[in-house]
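# with the input below, show me the fold.
(chains A, B, C and D)
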Amino acid sequence: MSSDHERREILIAAIADLLDGIRHVAVGASSPIPAAGAMLLRARNEHDGKPPVRISILGSQAHNFFTNGGIELFDCAAQGRVDAFFLGGGQIDGQGNINLVGTGDYPKTDVRWPGSFGSAYLYHLVPRVILFREEHSRRVFVPKVDFVSARAITPEVPRRGGPYALLTNMALFDFDREAGGFALRSVHPPFTPADIRENTGFDYAEPDVVRATPRPDAATLALLRGRVFDELAETYPAFARIMKQAA
Amino acid sequence: MSSDHERREILIAAIADLLDGIRHVAVGASSPIPAAGAMLLRARNEHDGKPPVRISILGSQAHNFFTNGGIELFDCAAQGRVDAFFLGGGQIDGQGNINLVGTGDYPKTDVRWPGSFGSAYLYHLVPRVILFREEHSRRVFVPKVDFVSARAITPEVPRRGGPYALLTNMALFDFDREAGGFALRSVHPPFTPADIRENTGFDYAEPDVVRATPRPDAATLALLRGRVFDELAETYPAFARIMKQAA
Amino acid sequence: MTEIVALEALAARVAPGQSLAVPVDRSGVAMAATAAIIEAGIDNLRLICVPISGLQADLLIGAGAVKTLETSAISLGEAGGAPRFGAAVRAGSVTLRDATCPAIHAGLMAAQHGVPFMPIAGIIGSDLLEVRPDWKVIDSPVGEARKVVVVPAITPDIALFHAPEADRAGNVRIGRFRELATMAYAARKTLVTVERIVERNLLETEDSAAGVLPSLYVDAIAVAEHGAWPLALWDEYPADEAEIARYAAMARSEDGFRAYLSTFLTHRKQVA
Amino acid sequence: MTEIVALEALAARVAPGQSLAVPVDRSGVAMAATAAIIEAGIDNLRLICVPISGLQADLLIGAGAVKTLETSAISLGEAGGAPRFGAAVRAGSVTLRDATCPAIHAGLMAAQHGVPFMPIAGIIGSDLLEVRPDWKVIDSPVGEARKVVVVPAITPDIALFHAPEADRAGNVRIGRFRELATMAYAARKTLVTVERIVERNLLETEDSAAGVLPSLYVDAIAVAEHGAWPLALWDEYPADEAEIARYAAMARSEDGFRAYLSTFLTHRKQVA
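Below you'll find the model as predicted:
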């Protein structure tokens, strides 16, 4: 990968592909790459005459069509009206569980992160939760999280939601709900499957031939560097400016 | 009682007295006499330098300070923010239970009334529920209601609400929550305690000497026929006009 | 995304046998759409009144369109009792699901929050618990020992109401009548008639957005001028009390009701 | 009825040991009042963040005013982690009640509706259930057999927030930020700071009323110009990101925090 900006373009395009087919995606605050991915899908669908995509960006004025206060995103998800959402995690384990609370023993955790936010709820209710964590390291991807903010699989209760994929700076994984774990789908150039294995603390399935994550094609890049970064600038002016300058 | 209009003035003044000390009274739609009683209390408190009285009239624009839709009155009562409310009843029994559904066997009732509205809920939650029913007859005041829309006494569950008094065209009763029944407080002239006994289908306590319900004094009448009927005209123009003409 | 369609097309989205949630008179009742539903012969409806109804329910009942009726009351207000409701109760031709106002709100809120039930204060001791076996009394699982009533989620197939205006994107102005939003959150589909479509974006400012139901919850909109008539629409127009009284008088008999209905349906077509 | 008082008098209505509900940054945080509370030495607060907090909580924690903390997250957003929160967790000086956003909303709504608990979707499988023994998992009393989480009612002693404006009667404009209304419905007392008092009646029109918290729920109001600073207030003013970054840097050490706090309290007095 020749630059930060190219890496980001790959991530944004990968996110747009992961979102293909959805009608409504919600994006958390301070998430320029997921937001750009969602906007890219919206622009592409519009260009291709496919169904429109609705994007809610929490905390954004321009992309907020909620009018019932802070509960509305959660209610909306519970009603089945949110198809995709993004979650990160200080730790993510091989079973897809995420930890947003801290490491070590609760409550006097060694490292304390902000907290679980809405994860414990939304993980059950949003069909395509995309785990997005740029740092790809054994510190983040652990065999077992120290605190389960949100659990991926709960056979004891019906649920429509859960992890769909895991996207990092190095690779893209699918989550297999039947098997209850991740499977490597593609590796972002210049990384190799061995790099992924070395930097991932949990076990995962790996196909015999692992493909490279595709770079965005020319049409995608044109949409991205034009309309999408312009739209993104409303909510993430600094990020959009850097991306446009680099392009 | 020399006229309909004098009878109504007695009822309005009696309601104002029953509401004495409250901060917030809610009045149902189509209830000009309870609304006038509440407005009389408000005017009197203001005149006497006593604490202000808030009046919510359901369905009124001018007396609506709710902004959260139809649930707000009910929530407000559940929060302990409504001190008094009025309920009627196609039947009311000696235990204070009310029937707003119908007579005979449910569901194919012989006579069907509109339905229970919010009574089953508010009776538990509003400390001073004033039962107001102009018709005073054995048809209305029965030993046992055919359908309990709302029950007055439920020892199995904690509650702050319940009946406080029963006001009719002929008399005023107190409700005794300990004893679980009504006690005659006063009889509107020209009726006698014997008239009340004859027209009431349920048993009730009666003091040795039953006083006459007082006619409003001059100061009260002045407030009522002036300011109160003017205020009432916003919500009940026809009723206020008739009352002012007769006065 | 919200579609803007003709009134007949909107009514055609209601299928026989569906559950249909409608609001109290003062919140904005889709009377023109109700006429179109009756005209289209859609029947076996499971009507859910949020939390009470009047002329709209009585017309639908009289027209034979209602199979079950969940409501806290049916009344024509100043004009008195609802005659076709009364007749249907006596005939046993409609299955009653008598309720109390906040229980209907609570059931819709359960659907709004995606939970199977909602606890509710009060009600204990009421015979409503006898006639509503779907309502349960449980021991509170938290706090001090006490009984609490729980009501199941109400998920209407269709929510239907009338509002002053919508924008081109399908955002609908509902003002303070937030039960309209609750109905839409809870329902599988929401159909709205409006007096007019406006060209501005109703979500544009913080002030105008506060009273808006977002298009996310609105499946189809039809313009129906004077669409709540003869009922009132907020501060847009008052109820036509004379017309409602005329209905109350005529609907006392089955024949009178039929005559009224025929005129009412004709009137609707003349307006449209 | 709502009283309009000075900022210090408003802060003095918060007593040590009370539970205090405060909103997320974007809804309007009463930072000037927070300074007044710290200055008045009010401590042992049980802070309830609706549903998360940032600078406000970190300042109160750093000042030693917080005994227990119920929140779904504490973060300074772009400026990174909340340093005094982190230090307090390591020191074990604050009792944590970790939550998830909709559970805090649900707890407040239980209080709003006057019920002891509220069911909530999801959560099952989360370790939050281990650290929140007051949350229960029950068998749904209605519908098909399934487990459901229930959370107890949250009834704050005080709800405190900042808004653009109130009228003389005490009606407060809250726009779309309806969690502010939920807080007020649930709380025993509600204290509000505003940028300004307006002379018109905010309930006057259907449009302006839609975004109003009625005075019925508001105990006291104080004017505090720029009262959310350095946080944003809706579209009135943006966050002072440089100031928040300065805080984030200084508050890494106890001494740095003390120095910041001292300047912050002084600044507040200069503005007032």
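
# show the model's pLDDT score for residue 94.
You didn't say which chain, so I picked chain A. Note on residue A:94: pLDDT of 98.

# you answered for a different chain; I wanted chain C.
Residue C:94 carries a pLDDT score of 98 in this model.

# go on, residue A:124?
98.

# residues near it, how many?
27 (other Cβ atoms under 10 Å in any protein chain shown). Glycine gets a C-beta too; all of them are placed from N, C-alpha and C.

# can you check residue C:91 too?
9.

# is the helix or strand where residue A:77 lies up against chain D anywhere?
Assessed by DSSP states H and E, residue A:77 sits inside helix A:72-78. Yes: using Cβ under 8 Å from any Cβ of the partner chain, helix A:72-78 comes into contact with chain D via A:74, A:78.

# now do the strands in the chain.
Answering for chain A, as no chain was given. Along chain A, counting by DSSP state E, strands occupy A:24-27, A:54-57, A:84-87, A:91-93, A:98-99, A:102-103, A:111-112, A:128-132, A:141-142, A:163-167, A:171-176, A:181-187, A:211-212.

# the intended chain is chain C.
Using DSSP E, strands in chain C cover C:3-5, C:19-23, C:45-50, C:66-71, C:95-98, C:117-120, C:136-139, C:147-152, C:158-167, C:172-173, C:189-198, C:212-213, C:220-223.

# same for the longest helix anywhere in chain C, what does it pack against?
Ranked by residue count under DSSP state H, the longest helix found in chain C is helix C:254-271. Here helix C:254-271 touches helix C:31-39, helix C:55-62, helix C:83-91, helix C:241-250, going by 3 or more Cβ pairs under 8 Å, 6 or more residues apart in numbering or on different chains; DSSP states H and E.

# which strands or helices does the longest one pack on?
Using 3+ Cβ pairs under 8 Å, 6+ apart, the elements in contact with helix C:241-250 are helix C:55-62, helix C:254-271.

# what's the mean pLDDT across the longest helix of chain C?
pLDDT averaged over helix C:254-271 gives 90.

# that helix to helix C:83-91, inter-axis angle?
Angle, helix C:254-271 to helix C:83-91, by axes from the mean of the first three to the mean of the last three Cα atoms, to 10 degrees: 140 degrees.

# the inter-axis angle of helix C:254-271 versus helix C:55-62?
Using the same axes, to 10 degrees: helix C:254-271 against helix C:55-62 is 120 degrees.

# what's the offset of helix C:254-271 from the middle of its chain?
Centre-to-centre, helix C:254-271 and its host chain are 21 Å apart (Cα atoms, centre = their mean, to the nearest Å).

# next: stretch C:121-135.
In terms of Cα atoms, centre = their mean, the centre of stretch C:121-135 is set 23 Å apart from its chain centre.

# with stretch C:16-31 instead?
Worked out by Cα atoms, centre = their mean, stretch C:16-31 lies 2 Å from the chain centre.

# quick one: terminal-to-terminal distance for that stretch?
Start-to-end span of stretch C:16-31 (Cα to Cα, to the nearest Å) is 18 Å.

# does chain D sit close to it?
No: using Cβ under 8 Å from any Cβ, stretch C:16-31 stays clear of chain D, with a minimum separation of 11.3 Å.

# quick one: low-confidence parts of chain A?
Scanning chain A for pLDDT under 70 picks out the ranges A:1-2.

# indicate the residue of it located nearest to chain B.
residue A:68 (10.5 Å; Cβ to the nearest Cβ).

# and for the stretch 151-272 of chain C?
Going by Cβ to the nearest Cβ, chain B is nearest to residue C:178 of the stretch 151-272 of chain C, at 3.1 Å.

# okay, now that residue: neighbour count?
Applying other Cβ under 10 Å, we find 23 residues neighbouring residue C:178.

# quick one: name the residues of the stretch 101-250 of chain C near chain A.
Selection of the stretch 101-250 of chain C residues close to chain A by Cβ under 8 Å from any Cβ yields C:111-115, C:171, C:181, C:185-186, C:203, C:209-217.
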